[in-house]
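Asker: Pasting a predicted model and its sequence here:
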Amino acid sequence: MIKVWRHGYRTARLLLAAALCLPAGGAGATDRLVYPLTSLDDIDSRYDYDWAVLRAALEKTVPRFGPFEIKQSAHVMSWQRIAQELARSGGGINILARATSPELEKQFIPIRLPIDRGLLGYRMFLVREADLPRFAAVRTLEDLRKFRAGQGKDWIDVPILRGGGLTVVEGGTYRGLFAMLDAGRFDFFSRGIDEAGREYQERRAAYPNMAVEPTLLLQYPLPLYFFLRRDAEGKLLAQRIEAGMEMMIKDGSLNVLFQKYKGESIKSGALQKRRVIHLDNPHITPETPLSRGELWFNPATGK
């Protein structure tokens, strides 16, 4: 929900937009979006691409919906706090980017256009360098079940991995997961293609025994969506963002951003040389736009 600075003005804006059958931005007001601060770690760049997509979608829609402001929340939030703030009327944030689940799609308004073209569902592993020979011997899901996976507490991946018969150790903080891997609390940290290499580069000085596993690729369907509060203002914001993203898909600018932020990681990941292990994701909803091929990353082409 857009943070309410002037309740009376906001109400008048919505009434005028409804009367004119125009989006709220047509009334000339500014859409204000606040997204969550998830870590105080200066090298946490996990969401840079997501917010770049959001800004581009909003810029595309200025002629139709009017001006906008976008900023990050002032205080770091856990996932539980993020969900509470997004659900609460007048909460400290009004938009979230997160891998989807049926619960999220029911609680909030999902924009069912995968921000990262489904790339998050292609997983590489951060491991201890001494364990590389053990992972090189993995050929099947049954082989992989001999290892312990590390994930953040309540991350969407946790039930998917456990549903595939894998042992999952949950960590309380994103930053702490790297220390847990280094200390042997689990055997591999499952990361997105664009996350693994970047995080290795960012943190190898602190964890010199960490390595990117070069032979395996774990894959399961995992769309990453924008979510908004289920109220009138959330619906207006969702309408605007969806319109902007559809414009970006059509004119190719979403793929340009995708390649800018993800292209080098995809190339360096050498996906064609990896053994792919597939997992089901039983939590995908029927509304997932799997039939729209232009929305999804193709590992065979790298596009």
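Answerer: Received, thanks. Because the structure is a prediction, the values reported are computed rather than measured.
Asker: for the chain, which helix is longest?
Answerer: Counting by DSSP state H, the longest helix found in the chain is helix 232-251.
Asker: what helices or strands is that helix leaning on?
Answerer: helix 7-20, strand 31-37, helix 48-60, helix 62-65, strand 109-111, strand 224-228, helix 253-268 (3 or more Cβ pairs under 8 Å, 6 or more residues apart in numbering; DSSP states H and E). For every residue, glycine as well, the C-beta is placed using N, CA and C.
Asker: what would those look like in TSV with mean neighbour count, mean pLDDT and distance to residue 193?
Answerer: Putting those into TSV (neighbours: other Cβ atoms under 10 Å; pLDDT from 0 to 100; distance: least, Cβ to Cβ, whole Å) gives the following:
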stretch	mean neighbour count	mean pLDDT	distance to residue 193
helix 7-20	13	42	41
strand 31-37	21	93	23
helix 48-60	19	96	12
helix 62-65	16	96	32
strand 109-111	22	98	22
strand 224-228	24	97	13
helix 253-268	17	92	6
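Asker: Could you say which one of these comes nearest to residue 140?
Answerer: Of all the helices and strands packed on helix 232-251, it is helix 253-268 that lies closest to residue 140, at 24.9 Å by Cβ to Cβ.
Asker: for the helix or strand just after that closest one, which positions count as buried?
Answerer: Later in the chain than helix 253-268, the nearest helix or strand by DSSP states H and E is strand 275-278. Of all the residues in strand 275-278, those buried under the rule 16 or more other Cβ atoms under 10 Å are residue 277.
Asker: Same check on stretch 169-188?
Answerer: 169, 171, 173-174, 177-178, 180-182, 186-188.
Asker: Give me the distance between the two termini of it.
Answerer: One end of stretch 169-188 sits 10 Å from the other (Cα to Cα, to the nearest Å).
Asker: ok, residues contacting it?
Answerer: 38-39, 41, 44, 46, 125-128, 131, 135, 147-155, 158, 189, 199, 203, 206-207, 209-210, 213 (Cβ atoms under 8 Å, 6 or more residues apart in numbering).
Asker: Next, format the helices and strands packed on helix 232-251 as CSV and append distance to residue 102.
Answerer: What follows is the helices and strands packed on helix 232-251, written out as CSV (distance: least, Cβ to Cβ, whole Å):
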stretch, distance to residue 102
helix 7-20, 30
strand 31-37, 21
helix 48-60, 21
helix 62-65, 30
strand 109-111, 10
strand 224-228, 12
helix 253-268, 25
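Asker: Per-residue pLDDT of residue 129, please?
Answerer: For residue 129, the model assigns a pLDDT of 98.
Asker: What of residue 193?
Answerer: 88.
Asker: how about the strands of the stretch 51-200 of the chain, start to end?
Answerer: Ranges of strands in the stretch 51-200 of the chain, per DSSP state E, counting those that start in this stretch, are 68-76, 95-99, 109-111, 122-128, 148-152, 167-171, 188-192.
Asker: Just checking: what are the partner strands of the third one?
Answerer: The strands that strand 109-111 pairs with in its sheet are strand 224-228 (antiparallel) (by DSSP bridges).
Asker: ditto for the fifth one
Answerer: Applying DSSP bridges to the sheet, strand 148-152 is found paired with strand 167-171 (parallel), strand 188-192 (parallel).
Asker: can you redo those as TSV with distance to residue 249?
Answerer: As requested, those are exported to TSV (distance: least, Cβ to Cβ, whole Å):
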stretch	distance to residue 249
strand 167-171	34
strand 188-192	21
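Asker: Nearest to residue 107, out of these?
Answerer: Between residue 107 and those, the shortest gap by Cβ to Cβ is with strand 167-171, which sits at 21.3 Å.
Asker: Which of the buried residues of stretch 169-188 sits closest to residue 108?
Answerer: Looking at the buried residues of stretch 169-188 and their distance to residue 108, the nearest is residue 174, at 21.6 Å (Cβ to Cβ).
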